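J.: Here is a sequence together with a model predicted from it:
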2 protein chains.
Amino acid sequence: MSTIKEVAELAGVSVATASRVLSGYPYISAATRQRVLDAVKQLDYQPDQVARSLRRRRANLIGLVVSTIENVFFTEVAHAVEQAARPLGYNLIVCNTDEDPQNEAAYLSILDRQLVAGVILAPAPGDARHLERFIGEKLPIVLINRRLNHLPFPSITCDDETAAFACVSYLAAEGKQRIAAIKGLPGVSTTEERLAGYRRALQAAGLPCQADLEVEGRANLEGGYRAAYALMQRQDRPDALFVFNNVMMQGVVIALQDLGISWPESVDVAGFGAFAAARLYRPPLTVVAQPAHEMGRRALAMLLSCVEGKTAGDAEAVVLPNRIITREEWQHSVRCGSGAI
Amino acid sequence: MSTIKEVAELAGVSVATASRVLSGYPYISAATRQRVLDAVKQLDYQPDQVARSLRRRRANLIGLVVSTIENVFFTEVAHAVEQAARPLGYNLIVCNTDEDPQNEAAYLSILDRQLVAGVILAPAPGDARHLERFIGEKLPIVLINRRLNHLPFPSITCDDETAAFACVSYLAAEGKQRIAAIKGLPGVSTTEERLAGYRRALQAAGLPCQADLEVEGRANLEGGYRAAYALMQRQDRPDALFVFNNVMMQGVVIALQDLGISWPESVDVAGFGAFAAARLYRPPLTVVAQPAHEMGRRALAMLLSCVEGKTAGDAEAVVLPNRIITREEWQHSVRCGSGAI
DNA sequence: AATGGTCTTGTAATCGTTTACGATTTTGTT
DNA sequence: AACAAAATCGTAAACGATTACAAGACCATT
């Protein structure tokens, strides 16, 4: 691994001049520039990113802090961010908080010290005070998927209220009367919005909001499984389930399969789900598929505009529409055969 | 963000002494040590990792280069590596090559320049010559999931030959006669081993190996879908499918659902699959679940022993057993209810 | 006292890069 | 020809940490 000093020696110039050629400084004679570039090629020189970071006080790294790395939604976000970042010369550090604000605080301070250019953050629930020190600071943060109510970070989210309204309205239009909600983690904006959409849809359909039909599931496979299992064992069991989260959705479906309960007749299910997994549900279910790739791309673009200081820092909040695939649309795609994938 | 210089000034010592206190150098008087530690606490000093990396020529970073970030197998590996690395003070950079050796070469050289302590690599298929320059070099590399035949890197893989043999033997024991193979990417060790196990099982069962029953699927959902769809449209269609990859497995199941073909009667399916998704298949299927978490942990341990120079570099190749869950075991777990998750 | 060893601490070089500052040369204008 | 402005390039100081080397203090042994 050769250094800029060797390049400078080979080209017969000072390291300063060599550095200037590489960084596109204009006042360099054509002959000098050529000699430096030749030396670079001959030595296969590539700048040391660590030394550059030390001097510039900034690295070509983007941090992506997710709350659950095994959730396919965040994997898709990571993929999208990485694909968009690579051609721009940025690399990605993915960190996983497991929904724990303490891990989140630790990771952010590590990333800050590691001098990443910026962070895309899916915040953990609960106490977010540790984020206050980053407001308006040199480390830009863009929130993804979840918003934080009182902290003015830019954010990319989805219109989950509308999507939840549409899902629950679909269930109501099917004649379902007792539509239960299997809620996500309390204390995060997505859960609150989905809950608001659920309640608004019930009201619009003239159905009562019943507290006993709202249950909280831990946002993992087992949480969805247990919540659905318990709900369906009740005497006065619901005739529809609205599920807040793609991982829980799988658990719910497995629970119904285990219980031998068929849908949509005995009970219908709708909710947030991962597109690929939703293809497996038979009969199909109405699901909300979040535009993970687009969210990732938009978050990166927003972050880089902060990094390059183009924005006035007015904490833009972008809200994207969700994609809703109803059972009927799934069935149509099945009829079309292999083109559906 | 305070520096060691400020700590030294506040404590009334030189930066060298302050640094020595922090790095556990023994010959420091108790009084001096205490003053430095007090200053550290008072200023909330945390060392600058970039400067430390520059000087030490090594960072507290591990690179994980995966071939498909959206494959849940690699997500689980990433989770395991990260969980194991965090308490040891290492962080993880995840990069995604999309099965392209050129991307792989680019990322490795970036990581090398970024001064990661080591890399865990799931190599892309095809030309691996760009890896030769890392053999025995200062950047340790541990392979995961796939081996490279002629390059002596340490590796963590699974006994896929045995697992494939077991799966196909299961299908044969059910009386299936025309067992097709939906193969993975050519040119990777996993595909070759799974193919060898498939063929050995056919021979052991007294069945012929037929070239027209071995088809190649691109290792994604659509690849599995198309391969199964095409196979099942043949006049002389197979009565069983052995699938090489968890993502293709989902595509296969979706294709059978779309075609209205029931299993295990009309056709039975077995193969490599993700544990969580496999819970959704009804009726259940016999699947091989790779021990992704253990593989990640072992790979990290192996990598760190290289980093810390404890191993003589004799390129250990660890082969772990796979976990095979037969249809009967799934059905038993269903009978046990919610305990199954 | 003189010698030698062990503690304790500071000075300064170093990692590879960027960049402020200044010196020198070239070009343009009157 | 004189002068200003622009172009070109080198010197050296950063960035924040680690560490080789050396020097002084302290102690024990002769």
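T.: Thanks, I have it. Residues are numbered from 1 along each chain as shown, chains lettered A, B, ... in the order given.
J.: what are the ranges of the strands in the stretch 1-150 of chain A?
T.: In the stretch 1-150 of chain A, the strands defined using DSSP state E, counting those that start in this stretch lie at A:61-66, A:91-96, A:118-121, A:141-144.
J.: Compare the mean pLDDT across these and name the weakest.
T.: Note on the strands of the stretch 1-150 of chain A: lowest mean pLDDT is at strand A:91-96, with a mean of 82.
J.: how far out from the middle of the chain is that strand?
T.: 12 Å (Cα atoms, centre = their mean, to the nearest Å).
J.: Check whether that strand comes into contact with chain B.
T.: Yes - Strand A:91-96 reaches chain B (Cβ under 8 Å from any Cβ of the partner chain) through A:91-96. C-betas here are computed from N, CA, C, even on glycine.
J.: With just CA atoms, put that strand into PDB.
T.: Extracted in PDB, the C-alpha atoms of strand A:91-96 (Å, rounded to 0.1, in the frame of the first residue of the first chain):
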ATOM      1  CA  ASN A  91     -19.900   3.000   2.500                       C
ATOM      2  CA  LEU A  92     -22.300   1.800   5.100                       C
ATOM      3  CA  ILE A  93     -22.000   0.700   8.700                       C
ATOM      4  CA  VAL A  94     -25.000  -1.200   9.900                       C
ATOM      5  CA  CYS A  95     -25.700  -1.300  13.600                       C
ATOM      6  CA  ASN A  96     -28.500  -3.000  15.400                       C
END
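J.: partners of that strand, with directions?
T.: Using DSSP bridges, the strands paired with strand A:91-96 are strand A:61-66 (parallel).
J.: Looking at the strands of the stretch 1-150 of chain A, spot the one closest to residue B:250.
T.: Proximity to residue B:250 (Cβ to Cβ) singles out strand A:61-66 among the strands of the stretch 1-150 of chain A, at 22.5 Å.
J.: Can you name the residue of the stretch 151-300 of chain A nearest DNA strand C?
T.: Nearest to DNA strand C, among the residues of the stretch 151-300 of chain A, is residue A:300, at 22.7 Å (Cβ to the nearest atom of the strand).
J.: Quick check: that residue touching residue A:85?
T.: Yes - with contacts counted by Cβ atoms under 8 Å, residue A:300 reaches residue A:85, the gap being 5.8 Å.
J.: intersection of neighbour lists for these two?
T.: Taking Cβ atoms under 8 Å, 6 or more residues apart in numbering or on different chains as the criterion, residue A:300 and residue A:85 both touch residue A:62.
J.: So those two - more neighbours on which side?
T.: residue A:300 (27 against 23; other Cβ atoms under 10 Å in any protein chain shown).
J.: Tell me which residues touch that one, please.
T.: Contacts of residue A:300 by Cβ under 8 Å, 6+ apart are A:62, A:80-81, A:84-85, A:120.
J.: Max pairwise distance over the residues you listed: which two?
T.: Most distant of the contacts of residue A:300, by Cβ to Cβ, are A:62 and A:80, 12.1 Å apart.
J.: More neighbours: the two, which one.
T.: Ranked by neighbour count (other Cβ under 10 Å), residue A:62 and residue A:80 place residue A:62 first, with 27 against 20.
J.: my read: the more buried one touches residue A:111, true?
T.: No - using Cβ under 8 Å, residue A:62 makes no contact with residue A:111, being 9.4 Å away.
J.: okay, and the common contacts of those two?
T.: Here residue A:62 and residue A:111 have A:93, A:119 as joint contacts, going by Cβ under 8 Å, 6+ apart.
J.: rewinding a little: name the element the residue of the stretch 151-300 of chain A closest to DNA strand C belongs to?
T.: If you go by DSSP states H and E, residue A:300 is part of helix A:292-307.
J.: returning to that earlier point: select, out of the strands of the stretch 1-150 of chain A, the one closest to residue B:195.
T.: Nearest to residue B:195 among the strands of the stretch 1-150 of chain A is strand A:91-96; the distance by Cβ to Cβ comes to 32.9 Å.
J.: Go through the closest one and flag the buried ones.
T.: Buried residues in strand A:91-96, defined by neighbour count with 16 or more other Cβ atoms under 10 Å in any protein chain shown: A:91-96.
J.: so it versus helix A:292-307, what angle?
T.: 110 degrees (axes from the mean of the first three to the mean of the last three Cα atoms, to 10 degrees).
J.: can you pull the pLDDT of the residue in the stretch 151-300 of chain A that DNA strand D sits nearest to?
T.: Residue of the stretch 151-300 of chain A nearest DNA strand D, by Cβ to the nearest atom of the strand: residue A:153 (24.9 Å). The per-residue pLDDT reported for residue A:153 equals 91.
J.: Is it correct that it is in contact with residue A:146?
T.: No - with contacts counted by Cβ under 8 Å, residue A:153 stays clear of residue A:146, the gap being 10.6 Å.
J.: residues near residue A:45, how many?
T.: If you count neighbours by other Cβ under 10 Å, residue A:45 ends up with 19.
J.: Ramachandran angles for it?
T.: phi -70, psi 140 (degrees, to the nearest 10).
J.: Next up, the contacts around it.
T.: Residue A:45 touches A:2-4, A:6-7, A:39, counting by Cβ under 8 Å, 6+ apart.
J.: Over to residue A:175?
T.: Applying Cβ under 8 Å, 6+ apart, no residues contact residue A:175.
J.: Which residues of the stretch 51-200 of chain A lie near chain B?
T.: Close to chain B, as judged by Cβ under 8 Å from any Cβ, the stretch 51-200 of chain A has residues A:51, A:53-54, A:59, A:61, A:69-70, A:72, A:75-76, A:78-79, A:82-83, A:91-96, A:109-110, A:112-115.
J.: For chain A, what lies in contact range of DNA strand C?
T.: Counting by Cβ under 7 Å from any atom of the strand, chain A comes close to DNA strand C at A:3-5, A:15-16, A:19-20, A:22-23, A:45, A:47-48, A:51-52, A:54-56.
J.: Among these, name the ones in helices.
T.: Judged by DSSP state H, the subset of the residues of chain A next to DNA strand C located in helices is A:4-5, A:15-16, A:19-20, A:22, A:51-52, A:54-56.
J.: Filtering those by proximity to DNA strand D, which remain?
T.: Among those, the residues within reach of DNA strand D (Cβ under 7 Å from any atom of the strand) are A:15-16, A:20, A:51, A:54-55.
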